[in-house]
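Q: Based on what follows, work out the 3D shape:
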Amino acid sequence: MSLRSRLVLSFAVVLVVATGVLGVVLANTTRAALVDQIDDQLREIERREEAGPSRSEAGPPIGAPDSPAEPAGPGGRSLAHVVLAPDGRVVASQPCGYADDPYPLPDTTGLAATPREGKYAPIVTVPAESGGGSYRAVLLSRGASGVDVFAAPLDDVDATVARLVRTFLLTGLVVLVLGGLATWWSVRRSLRPVDGMVSAAAAIAGGELSRRIPEGGAPRELERLGGALNDMVGQLVDSYRSEQLAKQSLSRFVADASHELRTPLAAVRGYTELYRKGALRTDDERDGAMRRIDAESRRMRRLVDDLFTLASLDSQHPTDHQPVDLVRITRDAVADSEAIEPGRPVSLAAPERALVQGDPGQLVQVVTNLLGNARSHTPAGSPVDLRVEAGTASATVVLEVRDHGPGLPADQLDVVFERFHRVDPSRSRATGGAGLGLAIVAAIVAAHRGQVRAENAPDGGARFTVALPASP
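A: Numbers count the residues shown, from 1 in each chain. Okay, the predicted model is just below:
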């Protein structure tokens, strides 16, 4: 059963129960009010009897002029009058109604022994002797002579209550039909946004990732639900796209790593094959082959070390960060660079100290990789400028490495930190390593909650800027 049907059915059940309870209460209240009116008439007879002349032991004859049960106009007698002996026998009786079509007399069996209710004569409901009707009767004691019973029929009360019940049932049926239709229309209109949500969800599941659930024109609760679902869908779509990008990056990473390892392995295998076949006849040829094998092995080792470093950074294992003097690390890296390439001038502008919170070994690798990148992509002898800034009021320490080479192509500024990316599309080994140095720099800086960016200096050359949180 659909939600709409359940809501309409639930409202219909509630309406039926409420109408039934209201009908029962109204019918009983109306009947009680009409019976109270009859009881007031009977009490009036009691008062008239008590105020009248005292009766003899035999009492007045039935139908005497002073009897309260005189005919009540053209409608016939309104009350029945029965005189009971002390033993309960009917001494005399006068039915109510028309003389030619009287009502059945009330059933007075056992009424003579009914006790008095305090100062009032008892009023009881008794059935008719025949016909299924009932009476409301007051019992007036005649002393030793017996009991006078004056009874008013309840046929008019029953007929009035029956008409009221029929009218209420008919009205309730109309209200039920109209209420059900109104409820169906209201529920259908209120749940119309749910159809939009279902349609949008089906479209999203079918691949329309840009589809969203409409939020306007719906009740406040459904608007909040639609907004929450849109946020959830947005996060799921972002996660899905991130997963797809991660898969693509992983596939490209594996392909690039395989390519980088295949070349040195092929060289090593080639030289060993030449040696096995005896093609290296002289000592110089064998020494040259050994040097090449050693160089290619070192290159593979560096590549494996770089891949291990990236894998460790990707795993996001917590590192032991401590206060590190970035100026000291930079000075040591400058000294190493001058030893590696004495003909290249390297300048450093830095304060006495600049403390950052980080891992010393990884920060050394950041400065070393940036200096190595500058040496690899600029002409021999081209100067490299380094600068460290640490303001007293600043929460970051900035390291800048700037070369005076040809600079970076404008379309590669955003991808220069990608793994295995090379500015030289020919992937020539003469222009650098495997393309992992800057990727390692970016991963280390990100692990230290810092930022790194690449740009071209206004007067030429590439400039790399690293911003790291300062140590407190």
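Q: How far does stretch 309-322 stretch from one end to the other?
A: Using C-alpha to C-alpha, to the nearest Å, the end-to-end distance of stretch 309-322 comes out at 20 Å.
Q: thought V397 was touching R353?
A: No - the criterion here is C-beta atoms under 8 Å, and V397 misses it with R353 at 10.0 Å. No exception for glycine: its C-beta is placed from N, CA and C like everyone else's.
Q: more neighbours, these two?
A: Comparing V397 with R353 by other C-beta atoms under 10 Å, the one with more neighbours is V397, at 26 against 12.
Q: any idea how far the host helix or strand of that one is from the chain center?
A: Using DSSP states H and E, V397 sits within strand 396-403. Its chain's C-alpha centre and that of strand 396-403 lie 47 Å apart, by C-alpha atoms, centre = their mean, to the nearest Å.
Q: What of stretch 150-170?
A: Chain-centre distance of stretch 150-170: 55 Å, with C-alpha atoms, centre = their mean.
Q: quick revisit: so what strands line up beside the strand holding V397?
A: On the basis of DSSP bridges, the sheet neighbours of strand 396-403 come out as strand 384-389 (antiparallel), strand 462-469 (antiparallel).
Q: buried sites along the longest one?
A: Spelled out, that is strand 462-469. Neighbour-count burial for strand 462-469, counted by 16 or more other C-beta atoms under 10 Å, picks out A462, R463, F464, T465, V466, A467, L468.
Q: What's opposite the second one in the beta bridge?
A: Beta-bridge partners of R463, counted by DSSP bridges, are R402, E455.
Q: Was I right to think it contacts V398?
A: No - applying C-beta under 8 Å as the test, R463 and V398 come out as separate, 11.6 Å apart.
Q: hmm, back to that, which positions in the strand holding V397 come out as buried?
A: Of the residues in strand 396-403, those scored as buried under the neighbour-count criterion (16+ other C-beta under 10 Å) are V397, V398, L399, E400, V401, R402, D403.
Q: What is the burial count for the nearest residue to the last one once chain neighbours are set aside?
A: Right, D403. The shortest distance from D403 to any non-neighbouring residue, by C-beta to C-beta, 6 or more residues apart in numbering, is to A374 (4.1 Å). Residue neighbour count, defined by other C-beta under 10 Å, stands at 25 for A374.
Q: Just the mean pLDDT for whichever strand or helix holds A374, thanks.
A: Remark: A374 resides in helix 360-376, with elements defined by DSSP H and E. When pLDDT is averaged along helix 360-376, the result is 88.
Q: which helices and strands does it pack with?
A: Secondary-structure packing of helix 360-376 (3 or more C-beta pairs under 8 Å, 6 or more residues apart in numbering; DSSP states H and E): strand 322-325, helix 326-340, strand 384-389, strand 396-403, helix 437-447, strand 462-469.
Q: Tell me, what's the model's pLDDT at A128?
A: Confidence for A128, expressed as pLDDT, is 89.
Q: correct me, but it touches T108?
A: No - counting by C-beta under 8 Å, A128 does not reach T108; the two are 10.8 Å apart.
Q: can you list the domains in the protein?
A: If you go by automatic domain parsing, the domain ranges for the chain are 3-54+75-161, 193-317, 320-469.
Q: What residues of the helix or strand where A202 lies count as buried?
A: Using DSSP H and E, A202 sits in helix 192-205. Buried positions in helix 192-205, judged by neighbour count with 16+ other C-beta under 10 Å: P193, V194, G196, M197, A200, I204.
Q: which other helices and strands contact that helix?
A: helix 220-277.
Q: re earlier: now the helices and strands packed on helix 360-376 as JSON lines including mean pLDDT and distance to A279?
A: Written out in JSON lines, the entries for the helices and strands packed on helix 360-376 read as follows (pLDDT from 0 to 100; distance: least, C-beta to C-beta, whole Å):
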{"stretch": "strand 322-325", "mean pLDDT": "89", "distance to A279": "52"}
{"stretch": "helix 326-340", "mean pLDDT": "90", "distance to A279": "35"}
{"stretch": "strand 384-389", "mean pLDDT": "92", "distance to A279": "43"}
{"stretch": "strand 396-403", "mean pLDDT": "91", "distance to A279": "43"}
{"stretch": "helix 437-447", "mean pLDDT": "85", "distance to A279": "36"}
{"stretch": "strand 462-469", "mean pLDDT": "91", "distance to A279": "44"}
